[in-house]
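Engineer: For reference, the sequence and a predicted model appear below.
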Amino acid sequence: MTNLDPDKIKVILATDCGSTTTKAILIQYVDGEYRQTHRGEAPTTVEKPFADVTMGVVNSVTEIAELAGRRLVGDDGRIISPATETDGCDIYISTSSAGGGLQMMVAGVIAEMTAASAKRAALGAGSIVMDVIAANDGRRPHDQIQRIRDLRPDMILISGGTDGGTTGKVVQISELVAPAKPQPRFGSDYSMPIIYAGNKDAREPVSEVFSEGGFDLQIVDNLRPVLERENLGPARDKIHDIFLEHVMAQAPGYDKLMGWTGAPIMPTPGAVGDILQTVARLQEINVVGVDIGGATTDVFSVFDETFNRTVSANLGMSYSISNVCAEATMPNVLRWVPFDMNERELRNHVKNKMIRPTTIPQTREALMFEQAVAREALRLAYKQHKEFATTLKGVQQQRTVGDTFSQQTSGQTIVDNMKLDLLVASGGVLSHAPRMHQTAMMLIDAFEPEGVTMLAKDSIFMMPHLGVLSSVHAKAAEQVFDRDCLVYLGTSVCAAGTPKPGKTCFKYELTGDRTASGEIIGGQMLLIPMAEGESGTISLAPARGIDLGEGPGKKVQKTVRGGTVGLILDGRGRTLTLPEDRSSCQSTVQGWLDALDVYAETTESMAV
Amino acid sequence: MAKAYTPGLLVTRHKKHRIMRRLPIAGDVQVKVNQQVTADDIVAETNLPGDVHPINLANTMSLPPADVVTCMLKAEGESIALDEPLAESKGLFGMFKTVVNSRYEGTVETVSPVTGQVIIRGAPLPVQVKAYMSGEVVNVTEGEGCEIEADVAYVQGIFGVGGEIQGNIKIACVSHDQDLDSDLIREDMKGCVVIGGARMTASSIRRAMEVGAAAIISGGIDDHDLKELLGYDLGVAITGRENLGITVIVTEGFGDISMAERTFEMLREFEGRLASVNGATQIRAGVMRPEIIVPLEAGPPPAASGKFEEGQLEVGRTLRVIRDPWFGMIGTVSGLPTEPHVLGSGSKARVLEVTFPSGEKAVVPRANVELIEE
């Protein structure tokens, strides 16, 4: 970790080494604030024939150097630091997901309790969780052992038992892992790292179990010392340490790169989680972030300072598009498409996209279909996230007579769309949509925000860089996040409840940079132009049974911010339901798309 | 001027092809450098550690875990047969003893005094790696595997299911654009690699399985038929471990699509020859496509035309459009505008102009074409 005084850091260079591309950004202190000034990109060089990640880093940084007119790479091929007036940077930082990122297996005694906490720790550290083994996961022991044998994780996290609780069960889990002799993904001559973060009373017998067989056992504090509290920090820190010492060390060139950076290299998703937590803490808001890729969708949330991350494996827009259609079902995908499509042809199109994942939609119809798939992928990923981001399960609750009619159990989701302040989108289908209106509409349809929510997208996938920056300079990270990273789409005002079609859903009055007033009818959507930098105050008077943030029927007054799309008023109600009849569904969806001007007419002639 | 590259599937009449045959864990390599091997020869073998079977004796015998060790009739490291006594309780005054017989055959690996769990390791599982392709061993890595090289004709498919298999090539369709239906599959195709033309139907695959064909290859397949064949809807394209009794490969894609004429004519030329076929497909980082390999007599490869650089987009090159609205059509590059173009979708992308055999021209994103390597 750097010992630099944050006030003396004026030039920051950051890279994110992805599987295919290394993206570099330059952040400079300009006119009293930190701004992202230049960016560069180059292919990642972790694979043969290059087999040295620093080559891609130097190439991307060289691009920035040329754009910025600033010498960043010295004659020795290293990044120049510290900065002078014309050369170098004060600090260089990096994240990495090259080589498939960090892949882990986790184990615990009870699937819903210690194993769930272990999964949260692993996901929060930025890992892909390949499987969760638990004493009650429904699989027979020899099936569990077979599964462990088949996996080739980078490391294994074992939890189980509260401190002073069960030792037998957690040792039993260890006894399944040890004879399975899981092989690490990289390097046949390196010992499989096992992190034990369970009942402290079981440390000795667990150590005994892993004393032979080529394991590297590391013991940290219990991640669930009591049922009522998680303590994920020590396990998470150890995951990062092992990621650097073992996993990164196996990747070509990373030993060199680690010598260049002023802060530990972080797994990319872990860094994204960090910046969202930093922003949520500094701005005192609740945030949801999503990154939809070709194979997977990551969802991050911070509600009341509690962070959660999920990775929905096989919900993606190219490699996994077929799986999205299978899980969501084709009728659910097609409900977002306002015209008829031949289902047999569509199924073949989906498979063709799966086997040729780099193709792009050429026609508007193809684009609308892909964006319909994206809505379902996002909806399913968010559903999984809500099911995972819960209050701790297994916690005993004291009830009184007054609780008779509100029988809340432990394990309720903490994701509350009415409390959501900021929804951030990233990933190709959202970031590169031809119109930002499409991005906004996909977000609203899939996430169903309630009340007043700001919508934004990550301009150039800068969140990983800012995440690692937040560990050394939180203020710089937050300033760049707000000014350069996010492109604000606008604000959505969405009614919760079941509005009556044709009747008033809510009345609104907007004052400030723009003025407007009127009423939204049940089922209606309306777009009020409100440019980036504009803001105002909206007063809302919902109909009976309709909630806009203060409870059913209660008036609301909130500050709203404009953006590239504007102010979106949504009177469709929550949960969002679409007509079952195909033709009325099509006309309803077409009405919504028209109201938000989602797909502007194009006149391109493709034949020449 | 910057060069534009785009991937293409390899279809060639002659190339030096090298394959790596590797054991999953260390073992014995059975061949030497310069040795000639045939596809069925075993080139390396090893033993995987046997399956692990846990038995919780503390529960079974209703004993405290710490007492299990004293009741064991077999010590760690001793072998045990199926139904052989594994442990015996002390009983009461030497009577009313409970005997637990082993439900598994193997070796007692561990006895845990903490959980009362006994781990029995089954017999080692032999693993043999075959040559898969006839050729010459050119490199041996002791304990790991070897590399085999041969002169071959090579066809890369776009998608397949099922693993490695060999068989003689048998042509079923008369042309590259004829659908492969069940009436074209004959009894004499047993053990053969059956070549169709355009889309293969579900009934043709069923019929090929009935007659015992080794593999079935054609231009396209319907998603619906694939689902019927597999019994599930394939979510991600990671295949090769299906146990269907047949390997299925499509060379072009899903739907009504003909096999590229050049591919079909080349395979027809090699009818009767032995081919090594693998349907394994992995469309992730480190992409793997299915393949058809026809070993040839060794000799110098025909001189390359030298007309085009591999993978480079140039005017005059043949390509296939791989996305609607011209999916599957083959044409030649007639223009490479440098400026990005606004597509019908509203997106901006780099494009090329393609001329189809009919003379019709179209503007297509460069991401939506695949070169046909010649």
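Structural biologist: Thanks, I have it.

Engineer: Low-confidence ranges, the chain, go.
Structural biologist: You didn't pick a chain, so chain A it is. Applying pLDDT under 70 to chain A flags residues A:1-3, A:48-49, A:99-101, A:185-189, A:394-410, A:601-608.

Engineer: wrong chain, I was asking about chain B
Structural biologist: Under the criterion pLDDT under 70, the flagged ranges of chain B are B:1-8, B:284-286, B:299-311, B:373-374.

Engineer: Please repeat the previous calculation with a cut-off of 80.
Structural biologist: Applying pLDDT under 80 to chain B flags residues B:1-8, B:24-26, B:48-49, B:51, B:91-96, B:284-287, B:298-312, B:372-374.

Engineer: burial measure for residue 64, as a count.
Structural biologist: In the absence of a named chain, this looks at chain A. The number of residues packed near A:Ile64 is 22, by other C-beta atoms under 10 Å in any protein chain shown. (Each C-beta comes from the backbone N, C-alpha and C, glycine too.)

Engineer: To clarify, I was referring to chain B.
Structural biologist: So B:Pro64, with other C-beta under 10 Å, has 10 neighbours.

Engineer: care to break the chain down by domain?
Structural biologist: You didn't say which chain, so I picked chain A. For chain A, automatic domain parsing gives the domain ranges A:6-98, A:101-255, A:287-393+A:410-595.

Engineer: Hmm, no, I was thinking of chain B.
Structural biologist: According to automatic domain parsing, the domains of chain B span B:8-45+B:130-295, B:52-121, B:318-372.

Engineer: Could you export those domains to CSV, including columns for distance to A:Cys585?
Structural biologist: Formatted as CSV, the domains of chain B follow (distance: least, C-beta to C-beta, whole Å):
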stretch, distance to A:Cys585
domain B:8-45+B:130-295, 24
domain B:52-121, 53
domain B:318-372, 23
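
Engineer: In TSV: the ones you listed, plus distance to chain A.
Structural biologist: Output for the domains of chain B, formatted as TSV (distance: least, C-beta to the nearest C-beta, whole Å):
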stretch	distance to chain A
domain B:8-45+B:130-295	3
domain B:52-121	4
domain B:318-372	3
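
Engineer: what helix or strand is A:Ser19 on?
Structural biologist: In the assignment (DSSP states H and E), A:Ser19 maps to no helix and no strand.

Engineer: Surely it touches A:Ser97?
Structural biologist: Yes - in terms of C-beta atoms under 8 Å, A:Ser19 counts as a neighbour of A:Ser97; the distance is 6.3 Å.

Engineer: So the residue lying closest to A:Ala425 once chain neighbours are set aside, which state does it fall into?
Structural biologist: Nearest residue to A:Ala425, sequence neighbours excluded (C-beta to C-beta, 6 or more residues apart in numbering or on different chains): A:Lys457, at 4.4 Å. When classified by DSSP: H, G, I helix; E, B strand; the rest coil, A:Lys457 comes out as strand.

Engineer: List the residues that contact A:Lys457.
Structural biologist: Shown in contact with A:Lys457 (C-beta atoms under 8 Å, 6 or more residues apart in numbering or on different chains): A:424-426, A:430-431, A:436, A:439, A:486-487, A:489.

Engineer: Can you name the residues that contact the closest residue to A:Arg344 other than its chain neighbours?
Structural biologist: Leaving out its chain neighbours, the residue that sits closest to A:Arg344 by C-beta to C-beta, 6+ apart is B:His224, at 6.6 Å. Contacts here follow C-beta under 8 Å, 6+ apart; on that basis B:His224 touches A:344, A:347, B:202.

Engineer: Okay, and which of these map to helices?
Structural biologist: When the contacts of B:His224 are checked against helices (DSSP state H), the matches are A:344, A:347, B:202.

Engineer: Rebuild those residues as a markdown table, extending it with neighbour count and distance to A:Val177.
Structural biologist: Formatted as a markdown table, these follow (neighbours: other C-beta atoms under 10 Å in any protein chain shown; distance: C-beta to C-beta, whole Å):
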| residue | neighbour count | distance to A:Val177 |
| --- | --- | --- |
| A:Arg344 | 12 | 47 |
| A:Arg347 | 22 | 41 |
| B:Ala202 | 16 | 43 |
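
Engineer: do you know how far A:Lys200 is from chain B?
Structural biologist: According to C-beta to the nearest C-beta, to the nearest Å, A:Lys200 and chain B sit 15 Å apart.

Engineer: next one: phi and psi at that residue?
Structural biologist: Taking degrees, to the nearest 10, you get phi -70, psi -20 for the backbone angles of A:Lys200.
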